[in-house]
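[1] sharing a sequence plus its predicted fold:
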Amino acid sequence: MRPAGPPAEHGSSRPARRWGLAGALLGGLLAGLALAPAAWLGDAVAAASGEHLRLDAPAGTVWQGSAVPVLSGGPGSRDALALPDRLHWRLGWSGGPVLDLAQACCIEAGTRLRVQAGWGRLHLGLEPPQALAAETAPELARWPAAWLSGLGTPWNTLQAGGRLSLRSQGLGLGWTRAGWQLDGVAVLGLQDLSARLSPLPRLGSYELQLAGEGPGRARLSLSTRDGALQLRGDGQLSARGLRFRGEAEAAPGEEAALANLLNIIGRRQGARSVLAIG
């Protein structure tokens with residue numbers, strides 16, 4: 001009489017092993033995503049900006065981390081300038097995914113990006129802190145104008161001083177298969193601008209307004225609030241890139257003090273300097 005052998009393997013155990021393996025792989029994938037290093041985000045930002053904006057010395061993960069924002073002249077450039085404080089971010093949930101941002105020097109505490117995604121679409125909305133939500137176009141961020149020198153020419157020649165600020169209410173940027181669309185209005189202010197090339201301690205204060213104009217189009221408008229250097233211009237951002245036309249001139253009585261600066265920032269046409277991009 002033969003001894004009893006091991007029980008025959010049931011066919012149902014094979015699918016169970018497959019599901020177990022799939023579960024282990026999925027768990028490993030989710031764990032890997034949860035621990036994705038902050039450097040991945042830095043690489044994505046650098047690639048998207050042509051290396052003009054970098055996130056150096058990253059720490060933490062893609063979901064919760066920090067880094068030092070740096071403006072650079074681009075690939076191969078020796079020009080680069082970092083902000084004094086680290087940018088902190090945290091991805092959370094509040095009726096949907098939200099990215100909370102904080103930077104002691106430069107970003108108002110409580111500012112966040114709301115992410116809305118669906119089949120074939122993505123929308124990022126910039127939301128002000130609760131304390132500023134009732135204001136019309138509250139100031140959300142501010143940076144030293146000297147930071148622009150990191151972009152290289154012509155900013156490293158101008159050596160700008162003053163302060164940049166970002167004001168907005170309801171700004172959003174969406175992507176679909178048809179392209180991108182900007183919603184709302186953003187105003188980039190430049191207060192108390194100065195430049196190494198001018199003997200004047202202050203050139204003036206200015207505003208650059210960006211407003212959506214439907215799918216794949218946004219309008220730029222540059223105006224002067226006050227100052228010896230008068231700037232104005234209009235432009236458009238589209239699939240063809242940025243196209244901007246403007247002019248600069250000296251206020252009456254300031255022509256001699258601004259002559260050198262006007263020669264550098266644009267193409268001279270009499271008393272004016274023509275500004276052109278694209």
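    Thanks, I have it. Residues are numbered from 1 along each chain as shown.
[2] what is the burial count for Thr61?
    Look at Thr61: counted by other Cβ atoms under 10 Å, it has 19 neighbours. Quick note: C-beta positions are derived from backbone N, CA and C, even for glycine.
[3] do Leu193 as well
    Leu193: 21 surrounding residues under other Cβ under 10 Å.
[4] in contact with it, which residues?
    145, 160-162, 202-206, 227, 229 (Cβ atoms under 8 Å, 6 or more residues apart in numbering).
[5] which of those has the most neighbours?
    Leu203 (29 neighbours).
[6] where in the stretch 101-250 of the chain is pLDDT low?
    Flagging of the stretch 101-250 of the chain using pLDDT under 70 yields an empty set of residue ranges.
[7] how about the strands in it?
    Ranges of strands in the stretch 101-250 of the chain, per DSSP state E, counting those that start in this stretch, are 112-118, 121-127, 139-144, 161-176, 179-194, 204-212, 217-227, 229-238, 241-250.
[8] pairing partners for the first one, with directions?
    Strand 112-118 has the following strand partners under DSSP bridges: strand 97-102 (antiparallel), strand 121-127 (antiparallel).
[9] for Gly42, which non-adjacent residue is closest in space?
    Leu55 (3.8 Å; Cβ to Cβ, 6 or more residues apart in numbering).
[10] for the contacts of Leu193, which one is nearest Leu87?
    Distance from Leu87 was checked for each of the contacts of Leu193 by Cβ to Cβ. The minimum falls on Ala145, at 18.4 Å.
[11] how much space separates that closest one from Pro154?
    13 Å (Cβ to Cβ, to the nearest Å).
[12] what does the helix or strand containing the residue nearest to Gly42 contact?
    Under the assignment given by DSSP states H and E, the secondary-structure element containing Leu55 is strand 53-60. Counting contacts by Cβ under 8 Å, 6+ apart, the residues outside strand 53-60 that touch it are 37-39, 41-42, 45-46, 65-72, 80, 82, 86-87.
[13] those in strands, which ones?
    65-72, 80, 82, 87 (DSSP state E).
[14] Ala109 and Gln130: what is the separation?
    Spatial separation of Ala109 from Gln130 under the definition Cβ to Cβ is 10 Å.
[15] okay, those two: which has more neighbours?
    Between Ala109 and Gln130, counted using other Cβ under 10 Å, the more crowded position is Ala109 (11 against 8).
[16] the more buried one contacts Pro128, doesn't it?
    No. Ala109 is beyond contact range of Pro128, at 10.9 Å (criterion: Cβ atoms under 8 Å).
[17] next, count neighbours for Leu158.
    Residues contacting Leu158 under the criterion other Cβ under 10 Å number 20.
[18] how near is it to Ala259?
    With Cβ to Cβ as the criterion, Leu158 and Ala259 are 15 Å apart.
[19] could you do Leu122 as well?
    Using Cβ to Cβ, one obtains 48 Å as the distance from Leu122 to Ala259.
[20] ok, what's across the strand from the spatially most central residue of the chain?
    For the chain, the residue lying nearest the average C-alpha position, counting by Cα atoms, centre = their mean, turns out to be Leu53 (8.1 Å). In this structure, Leu53 has beta-bridge partners Leu71, where bridges are defined by DSSP bridges.
[21] ok, so what distance separates it from Pro37?
    Here Leu53 is placed at a distance of 19 Å from Pro37 (Cβ to Cβ).
[22] again with Leu237
    33 Å.
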